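A.B. asks: sharing a model that was predicted from the sequence below.
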Amino acid sequence: MKKFGILFLVFFVLCGSILGSQRTSGERGETKTEIVTLKYIDVMWAEGLLHSYSSRRGTIKRLHEGNKLVIEDTPENVEKILAILKEIDIKPLDLQFNVDLILGSTASQFEEGFDRELKSDQVMKELSQLLRYKSFKRLDSALMKVQDNKRSSQRMGGDSLMFRLELRPRYIKEDKGDSIQVELYLYQDTGLDSEGKRRSISLVQTTLSIKSGERTVVGVSKLNGGDKALILILSGSVVK
């Protein structure tokens with residue numbers, strides 16, 4: 001009877017060991033590792049985004065060299081993350097902006113360079129009804145090509161080039177029609193400081209949403225005590 005009890009105890013211990021081993025093996029499971037080189041999106045941004053899709057045992061790390069991610073997880077989860085990357089790591093859209101930098105005045109006309117064509121421009125007509133500026137002079141026009149969600153800078157101001165325009169657009173596809181959200185900054189150079197670095201002041205700083213192909217008055221910045229103003233007009237579209 002004593003011998004039978006010892007054999008039963010040994011059998012029980014062995015069964016427990018086998019079951020524990022199977023449970024541990026199941027918990028660990030099979031893992032898969034993939035190294036992915038990102039072509040268009042930022043590796044730090046992608047790392048932060050994809051962490052929410054990894055399992056508790058999964059890891060997503062960026063390599064110090066190159067725009068690369070190391071993904072380690074279950075095979076099913078790795079495939080899911082790779083599918084997400086395939087959807088988001090695509091070439092950004094090319095966007096095109098037409099920009100007019102116009103000087104408006106309360107006077108009936110400028111001493112020089114009065115632009116009669118601007119007087120008949122529909123946007124300027126509507127602006128004249130809202131503001132007291134009655135005559136207009138085009139200082140500069142520019143065509144800017146910018147990639148979606150990228151920042152671009154353009155010098156403006158004619159011969160003096162005393163203004164700097166910065167754009168960062170984001171294309172938004174909507175059911176009612178596509179639009180472009182734009183972060184826009186217009187600076188005016190004010191000379192050099194004691195160290196020879198260029199100084200500037202901010203004239204316009206805004207975020208706006210425009211319809212593709214639609215001309216929009218972005219901002220008006222008063223100059224010379226308010227009798228003159230800079231008027232910035234912008235239109236944007238997707239480059240096909």
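C.D. replies: Perfect, thanks for sending it. Residues are numbered from 1 along each chain as shown.
A.B. asks: ok, the residue positioned nearest the centre of the chain to residue 196 distance?
C.D. replies: Closest residue to the average C-alpha location of the chain: residue 149 at 2.8 Å, with Cα atoms, centre = their mean. The gap separating residue 149 from residue 196 is 34 Å, by Cβ to Cβ, to the nearest Å. The C-beta positions use only the backbone N, C-alpha and C, and glycine is treated the same way.
A.B. asks: helix or strand: which one has the residue nearest to the centre of the chain?
C.D. replies: Using DSSP states H and E, residue 149 maps to neither a helix nor a strand.
A.B. asks: would you check that it makes contact with residue 168?
C.D. replies: Yes - the pair residue 149 and residue 168 qualifies as a contact (Cβ atoms under 8 Å) at a distance of 7.2 Å.
A.B. asks: now do the closest residue in space to the residue nearest to the centre of the chain that isn't next to it in sequence, the pLDDT please.
C.D. replies: Take residue 149 and drop its neighbours on the chain: the residue closest to it by Cβ to Cβ, 6 or more residues apart in numbering is residue 170, 5.3 Å away. Note on residue 170: pLDDT of 93.
A.B. asks: wait, residue 170 sits on residue 150?
C.D. replies: No - the criterion here is Cβ under 8 Å, and residue 170 misses it with residue 150 at 9.7 Å.
A.B. asks: quick one: which of these two has more around it?
C.D. replies: Neighbour count, other Cβ atoms under 10 Å: between residue 170 and residue 150, residue 170 has more, with 17 against 13.
A.B. asks: so that one lies in a strand, does it not?
C.D. replies: Yes - under DSSP: H, G, I helix; E, B strand; the rest coil, residue 170 falls within a strand.
A.B. asks: residue contacts, it?
C.D. replies: 148-149, 180-182 (Cβ atoms under 8 Å, 6 or more residues apart in numbering).
A.B. asks: from residue 126, how far off is residue 43?
C.D. replies: From residue 43 to residue 126 the distance is 46 Å (Cβ to Cβ).
A.B. asks: of these two, who's got more company?
C.D. replies: Counting neighbours by other Cβ under 10 Å for residue 43 and for residue 126 shows that residue 43 has the greater number, 17 against 11.
A.B. asks: what sits against that one?
C.D. replies: 62, 67-69.
A.B. asks: helices - which of these land there?
C.D. replies: Within the contacts of residue 43, no residue falls in helices by DSSP state H.
A.B. asks: list buried residues within those.
C.D. replies: 62, 67, 69 (16 or more other Cβ atoms under 10 Å).
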